[in-house]
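Trainee: Okay, predicted coordinates and the sequence, questions at the end:
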Amino acid sequence: MDLDVANFAAHSGLLICEAQYTAEEYSKKKGWGHTTFLDELERTAQARAKSVATFHHDPSHDDPFLDGIESFCQQTIAERECGFRCFLAREGMSVEL
């Protein structure tokens, strides 16, 4: 986990974070310059950000897969009682802070 990123984003209203892989995918693509969804959640929790928007989706992931990832992230946050909101950034999306 990048502590510098967490410190920089400390207590932010919205952390916009690149995350592209599941843990299984990452084991085959480590070093490609992208992170996992779980790493993103851990970084957001450490920063104590209020919400995180995930961007830079893998082109091989279709919409149903990404919907599943969004649900997985939201469920993980709820189970760990992290207290922040997570959603996938989408083309044309705007976010009110």
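Mentor: Cool, got the structure. Everything quoted here is computed from the prediction, not taken from an experiment.
Trainee: What is the neighbour count of Gly68?
Mentor: Using other CB atoms under 10 Å, Gly68 has 13 neighbouring residues. To be clear about C-beta, it is placed using only N, CA and C from the backbone, and glycine gets the same treatment.
Trainee: ugh, typo on my part, it should be Ala45
Mentor: Every residue meeting other CB under 10 Å relative to Ala45 is counted, giving 18.
Trainee: How about the one 3 residues further on?
Mentor: The burial count assigned to Arg48 is 15, neighbours taken as other CB under 10 Å.
Trainee: likewise Trp32?
Mentor: Counted with other CB under 10 Å, the neighbours of Trp32 add up to 12.
Trainee: Show the pLDDT at it.
Mentor: With respect to pLDDT, Trp32 scores 79.
Trainee: does it sit in a helix, a strand or a coil?
Mentor: At Trp32 the chain is in coil, as set by DSSP: H, G, I helix; E, B strand; the rest coil.
Trainee: Can you list phi and psi of it for me?
Mentor: phi -80, psi 0 (degrees, to the nearest 10).
Trainee: what does the one 3 residues further on give?
Mentor: For Thr35, the backbone dihedrals are phi -120, psi 180 (criterion: degrees, to the nearest 10).
Trainee: Check what pLDDT it gets.
Mentor: Thr35 carries a pLDDT value of 89.
Trainee: separation between the closest residue to it other than its chain neighbours and Ser60?
Mentor: Computed as CB to CB, 6 or more residues apart in numbering, the closest residue to Thr35 that is not its neighbour in sequence is Ala19, at 5.2 Å. According to CB to CB, to the nearest Å, Ala19 and Ser60 sit 15 Å apart.
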